[in-house]
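> Output the structure for:
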Amino acid sequence: MLNAHAPRRAAARGLSIVELMVGVAIGLIVVAASVHLSGRNIASSRSMLTDIRVVQDLRAVGDLVSRDLRRSAYWGNAILGTRNTPINPVPPANPYAGVAVAGTDTITYDFSRDAAEDDARGAGETFGFRLNQGRVEMQTATDTWQPVTDPSVVTITDFVITPVVTVLALGHLCPTTCPPGTPNCPTVTVRRFDLLLRGQSVRDAAVVRELRSTVRLRNDQFAGACPA
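Coordinates of the predicted model:
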């Protein structure tokens, strides 16, 4: 006869060595997958940050070039270049009108900075941009160039400046019509420059980005005069 008060043997069963090995293997697979996924996310984030930095640098340089180049040919007394008088039948030329493109990667230009316009290009009124050893430089004073890109972040591989010049005849607007081809007939020269910037990341040579923009000079170049 069984004793009702006898303690029951608790059923106990441990893991076999095979089950333990399977569990460890599954755990290692999960950990490896997590590490791989984290590594890919970190690499993707780093690549994205590198790409953003290159794009930001190109945009900053492009904006700087565009804003400054638009000031080219500014002359405080520009109205004088549109008037002729019996004493002075040929209006004076804009002393700041010149824009020089050397090769395809250097541009220099002038604009007036005089508090009181003296109608003459002077020291400190010539500016420009150029590509030099993988960086864009800006001319801030006579023969003084300052880098505007960081060569430790991005290498500028291309800085191409393409001038586009359009000359428009204005003789038909004169009180006495000035036929096209007549010497000293009034004209206006509209100038624009197409810019190409291409940069490569220093950290990741596979990251190459480019920026294209067009800059139209605000100060058109007027020449000639209406016949008396």
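> only C-alpha atoms for contact and neighbour calcs from this point on.
Will do.
> what residue ranges in this protein are flagged as low confidence?
Scanning the chain for pLDDT under 70 picks out the ranges 1-15, 41-46, 82-90.
> need the strands for it, in chain order.
Listed from the start of the chain, the chain has strands (DSSP state E) covering 99-102, 106-110, 126-132, 135-141, 144-147, 154-169, 187-201, 208-216, 221-223.
> Present those as a markdown table; the columns should include distance to P91 and mean neighbour count.
Shown next, in a markdown table, are these (distance: least, C-alpha to C-alpha, whole Å; neighbours: other C-alpha atoms under 10 Å):
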| stretch | distance to P91 | mean neighbour count |
| --- | --- | --- |
| strand 99-102 | 20 | 14 |
| strand 106-110 | 20 | 21 |
| strand 126-132 | 23 | 21 |
| strand 135-141 | 30 | 20 |
| strand 144-147 | 34 | 14 |
| strand 154-169 | 16 | 18 |
| strand 187-201 | 12 | 19 |
| strand 208-216 | 24 | 16 |
| strand 221-223 | 8 | 21 |
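> TSV for these, including distance to E19?
Putting the strands of the chain into TSV (distance: least, C-alpha to C-alpha, whole Å) gives the following:
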stretch	distance to E19
strand 99-102	77
strand 106-110	73
strand 126-132	67
strand 135-141	63
strand 144-147	66
strand 154-169	55
strand 187-201	51
strand 208-216	52
strand 221-223	88
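> So for L49, which of those strands sits nearest?
Using C-alpha to C-alpha as the measure, strand 187-201 is the one of those that comes nearest L49, at 10.8 Å.
> what sits against A228?
When the contact criterion is C-alpha atoms under 8 Å, 6 or more residues apart in numbering, the partners of A228 are T176.
> ok, it to C178 distance?
10 Å (C-alpha to C-alpha, to the nearest Å).
> now swap in G98 and tell me
26 Å.
> Can you tell me who F159 pairs with across the strands?
L197 (DSSP bridges).
> isn't it right next to D105, touching?
Yes. Between F159 and D105 there is a contact at 5.3 Å, judged by C-alpha atoms under 8 Å.
> Please enumerate the shared neighbours of those two.
R130, L131.
> give me every residue that touches the residue positioned nearest the centre of the chain.
Most central in the chain under C-alpha atoms, centre = their mean is G62, positioned 1.9 Å from the mean C-alpha point. Shown here is G62, whose contacts under the criterion C-alpha under 8 Å, 6+ apart are L197, L211, S213.
> Between G98 and C178, point out the one with more neighbours.
With other C-alpha atoms under 10 Å as the criterion, G98 and C178 differ in neighbour count, and C178 comes out ahead with 20 against 13.
> any idea how far G23 is from that one?
C178 sits 96 Å away from G23, taking C-alpha to C-alpha as the criterion.
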